[in-house]
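Enquirer: Generate coordinates for the sequence data below:
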Amino acid sequence: MGFPKGEQSAIRDLNDLAKQQVRFISVAQPELAPYGQATIEVLKNSHLWEAVQPKVVYANSISQAKQMAGIGKCRCGVHRYSLVLRDRGTVLKIDLHLYHPIEQAIAIVARSARIEEAKQFSLISPRFWKAGPILANSGYLLP
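Expert: Numbering: from 1, shown residues only. Take a look at the predicted model:
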């Protein structure tokens, strides 16, 4: 979860989203984006959904939700951690137990002219294992 740059936020945990001073919360459209779906799940599992639902402003993507919060249209937004972990302002990590994991995958097209090059970027490649710390430092959880 992120807040606009330089924002002096009184929000210190997820429950603070229900405060009256938080008027808008940017969230990716759950029908279009898995992070939006996870956000709704988090809010429901935290018993905050009814209190914050009227404040939710939907964006078409997680990037657009971040942009809405970054330019101040919304007081805060719920985003992928890798998008905000180096941002200035307040960044809160959401408890992993509040939502189902968002799995990301890679596919290699069988008829590709560059199958071997594609395999270098997949999880089955030892080259990927070397990139693991980079991904972990970028906010991704690895299998």
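
Enquirer: Identify the bridge partners of the residue nearest to residue 64 when sequence neighbours are not counted.
Expert: Nearest residue to residue 64, sequence neighbours excluded (Cβ to Cβ, 6 or more residues apart in numbering): residue 28, at 7.3 Å. Every C-beta, even on glycine, is put in place using the N, C-alpha and C of the backbone. With DSSP bridges as the criterion, residue 28 is bridged to residue 59.

Enquirer: list the contacts for residue 28?
Expert: 35, 36, 39, 58, 59, 60, 61, 62, 64, 65 (Cβ atoms under 8 Å, 6 or more residues apart in numbering).

Enquirer: what about the last one, helix or strand, and which?
Expert: Read it as residue 65. Using DSSP states H and E, residue 65 sits within helix 62-70.

Enquirer: Go through that helix and flag the buried ones.
Expert: Residues of helix 62-70 classed as buried: 62, 65, 66, 67, 68, 69, 70 (neighbour count, 16 or more other Cβ atoms under 10 Å).

Enquirer: swap in stretch 42-49?
Expert: Result for stretch 42-49 [16+ other Cβ under 10 Å]: buried residues 42, 43, 46, 48.

Enquirer: where does the second one fall, phi/psi-wise?
Expert: Translated: residue 43. phi -60, psi -40 (degrees, to the nearest 10).

Enquirer: So for it, what's the pLDDT?
Expert: In this prediction, residue 43 carries a pLDDT score of 96.

Enquirer: cool, and the last one?
Expert: Residue 48 is assigned 96 on the pLDDT scale.

Enquirer: how close does it sit to residue 89?
Expert: Remark: distance between residue 48 and residue 89 (Cβ to Cβ, to the nearest Å) = 21 Å.

Enquirer: hang on, isn't residue 90 packed against residue 11?
Expert: Yes - at 6.4 Å, residue 90 counts as touching residue 11 under the criterion of Cβ atoms under 8 Å.

Enquirer: Alright, I will stop here.
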